[in-house]
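Student: sharing a model prediction with you, sequence too.
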Amino acid sequence: MAKTFTITLPDDLEQALTAQAERLNQSPEEIVQVISQQLTTLVPSKSTQQVETDPLLQLIGSLSIDVLDLAENHDYYIGQALCHELKGNE
């Protein structure tokens, strides 16, 4: 069952959320929905403390690239880069 949950965001976090939404051409609500979906897929054995101290979390949203399917097709892009690198050495 879905529930409505209202939170107050600090100005800097709200600005970051809005900016990320604009970069992805989505609404802030859509970004929050994606985040909530990711939270529900966390392995139950991981404690909140482990997740909060993950150093990679600081990198989330820090890159802006034109490739929108990198997560799904990373093997393809790695293969393309390796092929390009090998052909460049011939």
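Tutor: Cool, the structure landed. Numbering: from 1, shown residues only.
Student: C-alpha only now, for contacts and for neighbours.
Tutor: OK.
Student: average pLDDT for the longest helix anywhere in the chain?
Tutor: Selection of the longest helix in the chain by residue count, based on DSSP state H, yields helix 74-88. Helix 74-88 comes out with an average pLDDT of 89.
Student: for that helix, give me every contacting residue.
Tutor: With CA atoms under 8 Å, 6 or more residues apart in numbering as the contact definition, helix 74-88 has outside contacts at Leu70.
Student: quick one: the helices in this protein?
Tutor: Using DSSP H, helices in the chain cover 11-23, 28-40, 48-52, 74-88.
Student: the residue positioned nearest the centre of the chain and Thr6: what is the separation?
Tutor: By CA atoms, centre = their mean, the chain has its centre lying nearest to Ile60, at 5.4 Å. Per CA to CA, to the nearest Å, Ile60 is found 23 Å from Thr6.
Student: Asp75 now?
Tutor: In terms of CA to CA, Asp75 sits 39 Å off from Thr6.
Student: the two: which is more packed in?
Tutor: When neighbours are counted by other CA atoms under 10 Å, Asp75 comes out ahead of the other of Asp75 and Thr6, with 11 against 6.
Student: now the protein, which segments are flagged as low pLDDT?
Tutor: For the chain, the stretches flagged by pLDDT under 70 are 1, 42-52, 89-90.
Student: burial of Leu17, as a residue count?
Tutor: Neighbour count for Leu17, taken as other CA under 10 Å: 19.
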